[in-house]
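here is the input, now give the coordinates:
(2 chains, ligands or ions: 1)
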Amino acid sequence: MSLYHLQKFLYELNRDDSVKEKYHSDLDALLSQFDLSAEENNALREGDIGLLYVLGVNGQILMHFAALLGIEWFDYLEMMREGINKYGSVRAGVYAMTGGGESYTAEGKEQ
Amino acid sequence: MSLVYAGVLSHAPGITGRADLVKNTEKRDEFYAALDKQRQEIEDSGAEALIVIAAEHFANFFMNNMPAYCIGIGNRYEGPIEDPAWLKIDKTDVPGSPDLATRLTKEVMKTVDTAYAEEWKFDHGIMIPLNFLTPRYDMPIIPVNINCQGPPLTPLNRAWEFGAALRRACDSVPEKVALVGTGGISHWPATPDSGKINEPWDREFLDSLMNQDKEALLRYTDEETYNEAGQGGFEIRTYIAAAAAAKGKGELQFYTGELPIFAVGCTVAKFSISG
Ligand SMILES: [Fe+2]
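Below is the predicted model:
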């Protein structure tokens, strides 16, 4: 597990425009700078929000990555729920999952 | 002089970013009106600078170096770090107040070992408050952070002491200073449970906060808070620090749990400043 490095990568990406540029222009070189497992690498490459959540990425970091990928809010919430269904409970990180089945936003239910 | 205004307000990114998705637009507009009233009160106080006690969300600090407390002493700040289209707040420059902030920091350091920073990128945790309170970005801002994200988190009694230290610092300078604490109460932001709000928990906390019930405020454990109020509940530290700075009782000007799309119980309150 290298959850620290996975989150560090997303932290740098979220706050630094030059890292965002590199993300688009040379993702391989960028990812090679971080000590990531194959699973983490793939999750980042594929934008697998559900898996990233299950791997334990803090939502405050993850939601910005989702925004960068152009994922709409309700889709983002749904992808985390799907991730839990597919991969099981959150495996690590500060915030163990406290729920994940229900939708609490009336606006989302209607979509 | 001194502290001339103290209050608290919510800062969830949905407050601007998802404004268009709100169904209960009447409630939303009531909330915005309460925020605008807070802006007016801060302006009427004659404040020359605004301290924002925030709970940043990995915009500046990561787990390699996570200060429990930090005060911004920079000349200018930039924000938001978020995509402006996502947050619906344009990227902007915000004036700082290096000389005043440095004097305040020195005074705080007499009792609390705060970190300080000349460089600081604002995330939604500060940009949402500024969007409503200083919409022209013309008031010097002193960002202050309490780590509410990356445990180990500072104990609540220390957050109280930090607020008290900020008050002593404000009282030691000739400038008129306003202060807001911005946090969430119960919320589960950016998780599948986003939109969940524990209104009874919020109201009990706010009651204690408005009544300056220090004992009740400091009794919460992180474990209880996490179970009943989510990871977002850790941000009560900013509210507690604001109460400790104000010393006077509070007036809850707005609260609703009816805007789940904003993913937090939306709150606006002010304190009286007492000796
Ligand atoms: Fe927050």
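
helices of the stretch 151-275 of chain B, start to end?
Using DSSP state H, counting those that start in this stretch, the helices assigned to the stretch 151-275 of chain B run over residues B:156-171, B:199-210, B:214-218, B:222-229, B:236-246.

okay but A:V90 is in contact with A:I84, surely?
Yes. Look at A:V90 against A:I84 with CB atoms under 8 Å: they come within range, at 7.5 Å. Just so you know, the C-beta spots here come from the backbone N, C-alpha and C atoms, and that holds for glycine as well.

more neighbours, those two?
A:V90 (22 against 18; other CB atoms under 10 Å in any protein chain shown).

spell out which residues of chain B are next to chain A.
B:14, B:17-18, B:21-23, B:57-60, B:62-64, B:81-83, B:86, B:121, B:149-151, B:188-197, B:226-227, B:230-231, B:260-261, B:263 (CB under 8 Å from any CB of the partner chain).

any of these buried? List them.
B:14, B:17-18, B:21-22, B:57-60, B:62-63, B:81-83, B:86, B:121, B:149-150, B:188-197, B:226, B:230-231, B:260-261, B:263 (16 or more other CB atoms under 10 Å in any protein chain shown).

hmm, who's touching stretch B:266-275?
B:3-10, B:12, B:15, B:31, B:34-35, B:37-38, B:41, B:185, B:202, B:206, B:209-210, B:242-243, B:246-256, B:259 (CB atoms under 8 Å, 6 or more residues apart in numbering or on different chains).

check stretch B:199-210 too.
With CB under 8 Å, 6+ apart as the test, stretch B:199-210 has contacts from B:8, B:185-186, B:213, B:216-217, B:220, B:228-229, B:233, B:236, B:239-240, B:243, B:249-252, B:255, B:257, B:265, B:267, B:269.

list the buried residues in it.
Neighbour counts over stretch B:199-210 (16+ other CB under 10 Å) mark B:201-202, B:205-206, B:208-210 as buried.

ok, stretch B:24-37 next?
Quick answer for stretch B:24-37 (16+ other CB under 10 Å): B:24, B:27-28, B:30-32, B:34-35.

among these, which ones are in helices?
B:27-28, B:30-32, B:34-35 (DSSP state H).

below-threshold pLDDT in chain A: ranges please.
Along chain A, segments meeting pLDDT under 70 span A:1, A:94-111.

sorry, back to before: from the contacts of stretch B:266-275, which would you call buried?
B:3-10, B:12, B:15, B:31, B:34-35, B:38, B:41, B:185, B:202, B:206, B:209-210, B:242-243, B:246-247, B:250, B:253-256, B:259.

how far away is B:P152 from B:F61?
14 Å (CB to CB, to the nearest Å).

out of these two, which sits in the busier spot?
Legend: neighbour count by other CB under 10 Å for B:P152 and B:F61, higher for B:F61 (20 against 9).

report how many residues lie close to the residue lying closest to that one once chain neighbours are set aside.
Among residues not flanking B:F61 along the chain, B:P67 sits closest, at 6.5 Å (CB to CB, 6 or more residues apart in numbering or on different chains). Neighbour count of B:P67, defined by other CB under 10 Å: 17.

where does B:P67 fall, helix, sheet strand or coil?
coil (DSSP: H, G, I helix; E, B strand; the rest coil).

which parts of the longest helix along chain A are buried?
Assignment by DSSP H gives helix A:73-87 as the longest helix of chain A. In terms of neighbour count (16+ other CB under 10 Å), helix A:73-87 has its buried residues at A:73-74, A:76-84, A:87.

okay, strands next: where are they in chain A?
Using DSSP state E, chain A contains no strands.

coming back round to it: let me have the helices of the stretch 151-275 of chain B in a markdown table, extended by mean pLDDT.
Listed next are those as a markdown table, based on pLDDT from 0 to 100:
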| stretch | mean pLDDT |
| --- | --- |
| helix B:156-171 | 98 |
| helix B:199-210 | 98 |
| helix B:214-218 | 98 |
| helix B:222-229 | 92 |
| helix B:236-246 | 98 |
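
got TSV for those, with distance to A:A67 too?
Shown next, in TSV, are the helices of the stretch 151-275 of chain B (distance: least, CB to CB, whole Å):
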stretch	distance to A:A67
helix B:156-171	30
helix B:199-210	27
helix B:214-218	34
helix B:222-229	25
helix B:236-246	24
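
closest to B:K91 out of those helices?
helix B:236-246 (24.1 Å; CB to CB).

elements contacting that closest one?
strand B:2-9, strand B:49-54, strand B:141-146, helix B:156-171, strand B:176-182, helix B:199-210, helix B:214-218, strand B:266-273 (3 or more CB pairs under 8 Å, 6 or more residues apart in numbering or on different chains; DSSP states H and E).

try 7 Å this time
Other helices and strands packing on helix B:236-246, by 3 or more CB pairs under 7 Å, 6 or more residues apart in numbering or on different chains; DSSP states H and E, are strand B:2-9, strand B:49-54, strand B:141-146, helix B:156-171, strand B:176-182, helix B:199-210, strand B:266-273.

so which of these is nearest A:L3?
Once these are compared by CB to CB, strand B:141-146 is nearest, at 23.0 Å.

quick one: residues in contact with that closest one.
Around strand B:141-146, the neighbours that count as contacts under CB atoms under 7 Å, 6 or more residues apart in numbering or on different chains are B:49-56, B:69-72, B:77, B:94-97, B:100-101, B:104, B:120, B:122, B:126, B:130, B:154, B:159, B:162, B:237-238, B:241.

ditto for stretch B:67-77
Against stretch B:67-77 from outside (CB under 7 Å, 6+ apart): B:61, B:93-96, B:98, B:101-102, B:104-105, B:108, B:112, B:114-120, B:122, B:141-147, B:154, B:162.
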